[in-house]
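# sequence below, structure please.
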Amino acid sequence: MSSDKMDKVDEQILRAAKEIVVKFIETGRVSPTTFPENFRTIYLAIEEMVSGPVCDLSEEESIVE
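Numbers count the residues shown, from 1 in each chain. As a prediction, the model looks like this:
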């Protein structure tokens, strides 16, 4: 991927993570003290969904079988 395209993807991931965390703050699921940990977890989850799984799928398939 080009740097320009990657920057746009990163920006979209950041925006989505922000929106999710804001909703969680509004509903009381995230507090200021747990914000850093929760934001990181949400950001990484979205990034993984966009870029593909980090783990080897063959391991997951063997667990399911």
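# quick one: mean pLDDT for stretch 17-28?
In this model, stretch 17-28 has a mean pLDDT of 95.
# contacts for that stretch?
In this structure, residues lying in contact with stretch 17-28 by Cβ atoms under 8 Å, 6 or more residues apart in numbering are Val30, Ser31, Phe35, Asn38, Phe39, Ile42, Tyr43, Ile46. Just so you know, the C-beta spots here come from the backbone N, C-alpha and C atoms, and that holds for glycine as well.
# with stretch 39-55 instead?
Val9, Gln12, Ile13, Leu14, Ala16, Ala17, Ile20, Val21.
# quick check on those residues: which are buried?
Burial of the contacts of stretch 39-55 was assessed by neighbour count (16 or more other Cβ atoms under 10 Å); the buried members are Ile13, Ala16, Ala17, Ile20, Val21.
# who's in contact with the second one?
Counting by Cβ under 8 Å, 6+ apart, Ala16 touches Ile46.
# try 10 Å
Contacts for Ala16 (Cβ atoms under 10 Å, 6 or more residues apart in numbering) come out as Ile42, Tyr43, Ile46, Glu47, Met49, Val50.
# about what we covered before: filter the contacts of stretch 17-28 to the buried ones?
Buried positions within the contacts of stretch 17-28, assessed by neighbour count (16+ other Cβ under 10 Å), are Val30, Asn38, Phe39, Ile42, Tyr43, Ile46.
# would you mind giving those residues as TSV with distance to Lys5 and secondary structure added?
Shown next, in TSV, are the buried ones among the contacts of stretch 17-28 (distance: Cβ to Cβ, whole Å; DSSP: H, G, I helix; E, B strand; the rest coil):
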residue	distance to Lys5	secondary structure
Val30	30	coil
Asn38	28	helix
Phe39	24	helix
Ile42	22	helix
Tyr43	19	helix
Ile46	17	helix
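# max pairwise distance over these: which two?
Checked with Cβ to Cβ, the buried ones among the contacts of stretch 17-28 reach their widest spread between Val30 and Ile46, with 15.2 Å between them.
# burial of Glu47, as a residue count?
17 (other Cβ atoms under 10 Å).
# tell me the secondary structure at it.
Following DSSP: H, G, I helix; E, B strand; the rest coil, the label given to Glu47 is helix.
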